[in-house]
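S.K.: Fold the following and give me the result.
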Amino acid sequence: MKKFKLILALLAFCNFSFSQTGNVTIKKDQRIDALVQKQSAVIPPAVKTEIDGYRIQLVFDGNKDVVNNARSKFISKYPKVDTYIEFNAPNFILKAGDFRTKLEAEKIKAGIELDFPTSFIIKERVNIPRLEKE
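M.R.: Down below sits the predicted model:
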């Protein structure tokens, strides 16, 4: 019984000692709210406009006029296929197409073999090809 009274007295003491009342005032900088709002904002993922695909390298030359003439020749034959000129000092590289598969690139390459005998297909990051209505 003595132990029971002791335990009861300790519980009553703990109850009174930890049950405090009062007001709490929070003082904070207004920039904290702005920072919390900024960090909680939902940012949509970046849309990639490039995929792994294939291009045809048509011409590789140090003279830009040669590359521009080759580009004009290619565009006259395939006006819907995009062409790209890259400068890799001291040479200019003419590439054509945004092909998803190597087979698509092979079809175009077969049609230009007489005009561009040294052309070859390369695998690289390409723009998403346009979809044509048939």
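S.K.: So Phe116 versus Asn127, what's the distance?
M.R.: When C-beta to C-beta, to the nearest Å is the yardstick, Phe116 and Asn127 sit 21 Å from each other. Quick note: C-beta positions are derived from backbone N, CA and C, even for glycine.
S.K.: neighbour-wise, which of those two wins?
M.R.: In this view Phe116 and Asn127 are compared by other C-beta atoms under 10 Å, and Phe116 has more residues nearby, 19 against 14.
S.K.: next helix or strand past the worst-scoring helix or strand of the chain on mean pLDDT?
M.R.: Every helix and strand in the chain was compared by mean pLDDT, DSSP states H and E; the lowest is helix 2-18, with a mean of 68. Counting by DSSP states H and E, the next helix or strand C-terminal to helix 2-18 is helix 30-40.
S.K.: which helices and strands does that next one pack with?
M.R.: The helices and strands touching helix 30-40, judged by 3 or more C-beta pairs under 8 Å, 6 or more residues apart in numbering; DSSP states H and E, number zero.
S.K.: mean confidence score for it?
M.R.: Helix 30-40 carries an average pLDDT of 86.
S.K.: Can you list the strands that the next helix-or-strand element following that helix pairs with?
M.R.: As assigned by DSSP H and E, the chain's next helix or strand after helix 30-40 is strand 50-61. Its sheet considered, strand 50-61 pairs with strand 91-99 (antiparallel), strand 120-127 (antiparallel) by DSSP bridges.
S.K.: Tell me the buried residues in strand 50-61?
M.R.: Using 16 or more other C-beta atoms under 10 Å as the test for burial, strand 50-61 gives 53-60.
S.K.: Let me have these in TSV, adding distance to Gly111 and pLDDT as columns.
M.R.: Listed next are the buried residues of strand 50-61 as TSV, based on distance: C-beta to C-beta, whole Å; pLDDT from 0 to 100:
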residue	distance to Gly111	pLDDT
Gly53	19	94
Tyr54	15	96
Arg55	15	95
Ile56	10	95
Gln57	16	95
Leu58	12	93
Val59	16	92
Phe60	20	91
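S.K.: Out of those, the closest to Thr21 would be?
M.R.: For the buried residues of strand 50-61, the minimum distance to Thr21 (C-beta to C-beta) is 70.2 Å, reached by Gly53.
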